[in-house]
Structure formats: structure tokens, C-alpha cells
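Q: Everything below, folded, please.
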Amino acid sequence: MSLARKKEQLGEEVERKKISEKMFTKFAEKMYQISGVHLPFTPKNESLVQNRIVKLLRTHSLNSFEEYWDYLEVGGTDRISEFTSALTTNMTSFYREESHFEFLTKTLPILTNKFGTDLRIWCAASSTGQEPYTIAITISEAHGETHFSPVRVLATDIDLQVLKKAAAGEYNNREMEGLDPLMRQKYFDKTRTKGEDSWRIKKQVSKLLTFAPFNLMNEQYEFKQKFHVIFCRNVLIYFDDETKNKVVDNLTKALEVGGYLILGHSESGNMRHPRLMPLSLAVFKKI
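A: Residues are numbered from 1 along each chain as shown. Here you go, the predicted structure:
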């Protein structure tokens, strides 16, 4: 039998493997420890973890979930990052939940009057970058190219792989969904990658952004200065109540009094914090 056929057979055997509840629990607890993501043992989560780790088995020519666990336990930034990335759902698009960017447009003059032009915005779950670039484009549209440079946007994510893509700022046509064609022409340069049309963010936008790894599970958020606006959208839905409350408290501490915390539409309904006053759907002001 040829080597290629042996590899093919191994891949087919791996695809048929079913994860045990014991191994699922070990991977779920590992994910919770690293990222705070809560994965209870349900048919949906069982399928998700199984399918995504099977891909890692194939990548590393491993035969079982137990072998991958041993591989993961060796540790190292690359292995942990790969595991986290595999089990993280990165759903994003330009102008997702557009009302928040309309709010930002209306709020920027208020913030400028209160705090000056040196505004600091944090996108705490930047994924592949569409959200922080939408923030930067919104700033550009609100202030004009010659007036918005003092505004700084920090874009962070726990997933190093998606963070690398975000920093590159290049997207195919499907990944550009949500962005008006006129805005695309204004803020992106058309190029070709691997024979396919793609779009690269222009320097006038990218210069506003700093990308960096950050884990929302950190005990404390140690920043030299507080932020005037924090976007942390569609992340809390993956946390249990204890983790969610801890993260919201840390986000609030990182926010200037009079600043705004913006969460995802689906995750803010039961959110309560003594220092946060709800203003509109998933928008809160620190008091």
C-alpha cells in the first residue's frame, strides 16, 4: 500500500472517531481554564468539539483524542493557541449590529467635548478585524481624514491566528459582506491573492489601530490609561454567569467615568452593574 493511501486511510479512520464524555469534559475544562468559554455537555457542543478536534488529529497525524490530549498537555504557546482557535467561533462582519456604530457617530462629539480629541477606544474581541476596522471607518467618517488621528483604537483577541489576520487587514469578497461598495472603494485597495480578488485596508485607517493579544480571563486588566469606549460584543454569551460578571466588572474598571460600554444585542438583557447605566440596546454609560 502506498504512503498516500495509508495517510488517506488514517484520515478516514479519524473522521469516524467519536469523542467520549470523559474526553469531552477534559477538553471543555481546558477551554474554560484558558478562555472562560463554557461548553456544557450537550449534543451540539459534543459535535462541535468532536469535529474540530478531529481536524487537529488529521493535521498532526494523531490517531485518537487521547493522543491529542497528551500533545496539548505538553504545552507551548503555539499548541494552546491552535487549540483555542479551533474551539472558538469567530462570527463577524462589517457593521454587524449597525446601531452601535450609529451611536458611536453621535457620541464622538460628546466625548471630544468632555475628554478632548485624545480618545481611546478598545475593541476587546476583535476576531478577524471587521469590527475594529468598522470602528476606525466610523471615526474617519465622523471626523474627516485630517482630524481623527488622535483617536486610538486598541483591538485585542485571545486567538492569535485570527488576530494575525486582523492585523493584515486583507479580506476576500465574502469577508467584505456588510460594507457598502462606496465605503469599500474609499477605505480599501483592491488587490489579488491566490488568483482571487481581495481588499486591503488603507493606511489612513490601519494607522488608527493597534492589535495585541489579550485574555478577558485575566484577573485584572492592567492598562496605563482608561478607555472612553469599550466594545465587547458577542463574547459574554459563551461565559457562565460567574465569568460574565467578573469580565463586566473588569471592563467597567477599565472605562473612564462618563465612558461607554457596548455589548452584543443578544447578551445584555440581564446585565446589571452598579456603575453602569443602560442607555439603549446593549449600550451602557459608566456613572
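Q: Walking through this structure, point out its strands one by one.
A: 120-123, 152-157, 170-172, 188-193, 196-201, 209-213, 227-232, 255-263, 276-280, 283-286 (DSSP state E).
Q: residues near the nearest residue to Glu21 once chain neighbours are set aside, how many?
A: Nearest non-adjacent residue to Glu21, counting by CB to CB, 6 or more residues apart in numbering: Phe41, 6.1 Å away. C-beta here means a position set from N, CA and C on the backbone, and glycine is covered the same way. Phe41 has 11 neighbouring residues, counting by other CB atoms under 10 Å.
Q: Surely Phe41 is in contact with Lys22?
A: No. Look at Phe41 against Lys22 with CB atoms under 8 Å: they stay out of range, at 10.3 Å.
Q: Where does pLDDT dip in the stretch 1-150 of the chain?
A: Residues of the stretch 1-150 of the chain meeting the criterion pLDDT under 70: 1-16, 144-149.
Q: rerun that using 90 as the cut-off
A: 1-17, 75-78, 88-91, 116-118, 142-150 (pLDDT under 90).
Q: List the contacts of Ala28.
A: Applying CB atoms under 8 Å, 6 or more residues apart in numbering, we find Ala28 in contact with 39-41, 45, 49.
Q: and with 10 Å instead?
A: 37-41, 45-46, 49, 87 (CB atoms under 10 Å, 6 or more residues apart in numbering).
Q: Restricted to helices, list those residues.
A: 45-46, 49, 87 (DSSP state H).
Q: of those residues, buried ones?
A: If you count burial by 16 or more other CB atoms under 10 Å, the buried members of the ones in helices among the contacts of Ala28 come out as 46, 49, 87.
Q: Rebuild these as CSV, extending it with distance to Ala282.
A: Shown next, in CSV, are those (distance: CB to CB, whole Å):
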residue, distance to Ala282
Glu46, 30
Val49, 29
Leu87, 25
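Q: which ones are touching the residue nearest to Glu21?
A: Per CB under 10 Å, 6+ apart, neighbours of Phe41: 21, 24-25, 28, 49.
Q: at 8 Å instead, please
A: 21, 24-25, 28.
Q: dump the residue contacts of the residue nearest to Arg79 when sequence neighbours are not counted.
A: Sequence neighbours aside, Leu72 is the residue nearest to Arg79 in space, at 5.8 Å (criterion: CB to CB, 6+ apart). By CB under 8 Å, 6+ apart, Leu72 lies in contact with 30, 79-80, 83.
Q: try 10 Å
A: 26-27, 30, 53, 56, 79-80, 82-83.
Q: separation between it and Gly36?
A: Note on Leu72: its distance to Gly36, by CB to CB, to the nearest Å, is 18 Å.
Q: ok, back up a step: in terms of distance to Pro132, which of the buried ones among the ones in helices among the contacts of Ala28 ranks first?
A: Lowest distance from Pro132 to these (CB to CB) belongs to Leu87, with 22.5 Å.
Q: where do the helices sit along this protein?
A: 3-15, 21-35, 43-59, 65-73, 77-87, 99-115, 130-143, 160-168, 181-187, 203-206, 241-253.
Q: List the buried residues in the shortest one.
A: Counting neighbours by 16+ other CB under 10 Å, one finds that the buried residues in helix 203-206 are 205-206.
Q: and it, what does it pack onto?
A: Counting contacts by 3 or more CB pairs under 10 Å, 6 or more residues apart in numbering; DSSP states H and E, helix 203-206 is packed against helix 130-143, helix 181-187.
Q: Go ahead and confirm Asn250 touches Asn215.
A: No. Asn250 is beyond contact range of Asn215, at 11.1 Å (criterion: CB atoms under 10 Å).
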